[in-house]
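Peer 1: missing the sequence, but the structure's below:
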């Protein structure tokens, strides 16, 4: 029973990862790619880790998988934030479809 | 007192990671936690008595439920935009005012905004958050402020401040 | 059951191959860095699936260490992009 639940969670996680990777290929500019990829891949890997936790139950591996989830959330969001700020300061323009840019005045 | 709190928290974290209670393990963990406490206490919260007030944990649980729901919604939003043949995107960077004051609360708010549908936080300057939005739904500052921060700001204020 | 897990593992490795495509082909430097960041997160998923297959728990330790190292690497690259020193 636990094996079935863990397989379901892992399958959902890999579907989310697949969506993130399609986003990294299809979307037109760096900002949108980072946006899609960070959200989908982070939640997908968290779902895989929950599946691992169900598989091992309350043992050392299960608790390790649970501890890894908050670490993964905080590191990936902070890394995405640093990366998008670096991209803007590096001089990459927003994509052609963009409608609004309030940050331009603040940087100068 | 703050040093002792950081030491105990890091020792608990070490024991969760290794998950075995023997004497050599606890000695190694104590040395590592002591080094962590000496270096990182200046980044810890200043009023440690906030850690033992139970109503903050209650609001934290409600915040967690709201946050996970928004996360799942964000993934289906991304799926719709990525798989749609015409790719309905309309990106832009908007400026949002926040009423939170402490550093930890602002960090938590920025992290929550990064995981919610279509938004990612770029920078904080003064009281303003700069947000990259994949589909700018409205041009009115009042409307989009309540759209972006409205779901989280009241809970974070109750948890931390 | 174990064949199904094998298939999932191969799909996950193929997804990290897609990130390699973005790292190699990316038109600008920030595009490559996005690829590196996402690649680091996908490897954690691979470690988790292998830890189920082999029933060993130390592979999850490798995963946790990989998260933190990839985080530090991404922060350093982002600091390089903004053109600032590491202590600012």
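Peer 2: Sure, I can see it. These numbers were taken from a predicted model, which means no experiment stands behind them. Numbering: from 1, shown residues only, chains lettered A, B, ... in the order given.
Peer 1: need the residues of chain B near chain C, please.
Peer 2: Proximity of chain B to chain C (C-beta under 8 Å from any C-beta of the partner chain) is limited to residues residue B:17. C-betas here are computed from N, CA, C, even on glycine.
Peer 1: List the contacts of the residue positioned nearest the centre of chain B.
Peer 2: Residue closest to the mean C-alpha point of chain B, counted by C-alpha atoms, centre = their mean, is residue B:108 at 2.7 Å. The contact partners of residue B:108, by C-beta atoms under 8 Å, 6 or more residues apart in numbering or on different chains, come to B:156, B:159, B:160.
Peer 1: Could you say whether it sits in a helix, a strand or coil?
Peer 2: helix (DSSP: H, G, I helix; E, B strand; the rest coil).
Peer 1: Check what pLDDT it gets.
Peer 2: Listed pLDDT for residue B:108 reads 88.
Peer 1: Kindly report the same for the one 4 residues further on.
Peer 2: Looking at residue B:112, its pLDDT reads 89.
Peer 1: ok, for it, nearest residue in space, not its chain neighbours?
Peer 2: Nearest residue to residue B:112, sequence neighbours excluded (C-beta to C-beta, 6 or more residues apart in numbering or on different chains): residue B:152, at 4.7 Å.
Peer 1: what do you get for residue B:129?
Peer 2: The nearest residue in space to residue B:129 (C-beta to C-beta, 6+ apart) is residue B:96, at 4.7 Å.
Peer 1: returning to that earlier point: so the residue nearest to residue B:112 touches residue B:114, yeah?
Peer 2: No - the pair residue B:152 / residue B:114 is not scored as a contact, 11.4 Å apart, by C-beta atoms under 8 Å.
Peer 1: These two: which is more packed in?
Peer 2: More neighbours surround residue B:114 than the other of residue B:152 and residue B:114, with 25 against 20 (other C-beta atoms under 10 Å in any protein chain shown).
Peer 1: Give me the neighbour count for the closest residue to the more buried one other than its chain neighbours.
Peer 2: Counting by C-beta to C-beta, 6+ apart, the nearest residue to residue B:114 once its immediate chain neighbours are dropped is residue A:77, at 4.5 Å. Number of residues near residue A:77 (other C-beta under 10 Å) recorded here: 22.
Peer 1: Tell me if residue B:117 really is in a helix.
Peer 2: No - Residue B:117 is assigned coil when assessed by three-state DSSP, not a helix.
Peer 1: close enough to count as contact, the residue nearest to residue B:129 and residue B:146?
Peer 2: No - between residue B:96 and residue B:146 there is no contact under C-beta under 8 Å: 9.7 Å.
Peer 1: Comparing the two, which residue is more hemmed in?
Peer 2: Looking at residue B:96 and residue B:146 with other C-beta under 10 Å, you find the greater number of neighbours at residue B:96, namely 22 against 12.
Peer 1: List the contacts of that one.
Peer 2: Counting by C-beta under 8 Å, 6+ apart, residue B:96 touches B:128, B:129, B:130, B:131, B:141, B:144, B:145, B:148, B:149.
Peer 1: before we move on, back to that, now the contacts of residue B:108 in CSV, with neighbour count?
Peer 2: Output for the contacts of residue B:108, formatted as CSV (neighbours: other C-beta atoms under 10 Å in any protein chain shown):
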residue, neighbour count
B:156, 23
B:159, 19
B:160, 21
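Peer 1: Which of these fall in helices?
Peer 2: Among the contacts of residue B:108, the residues falling in helices (DSSP state H) are B:156, B:159, B:160.
Peer 1: Those into CSV, with extra columns for pLDDT and distance to residue A:63?
Peer 2: Shown next, in CSV, are the ones in helices among the contacts of residue B:108 (pLDDT from 0 to 100; distance: C-beta to C-beta, whole Å):
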residue, pLDDT, distance to residue A:63
B:156, 87, 28
B:159, 85, 25
B:160, 82, 27
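Peer 1: where do the strands sit along chain B?
Peer 2: Along chain B, counting by DSSP state E, strands occupy B:92-97, B:119-125, B:128-133.
Peer 1: who wins for proximity to residue A:104 among those strands?
Peer 2: Evaluated with C-beta to C-beta, the strands of chain B place strand B:92-97 nearest to residue A:104, the distance being 8.1 Å.
Peer 1: Great, nothing more from me.
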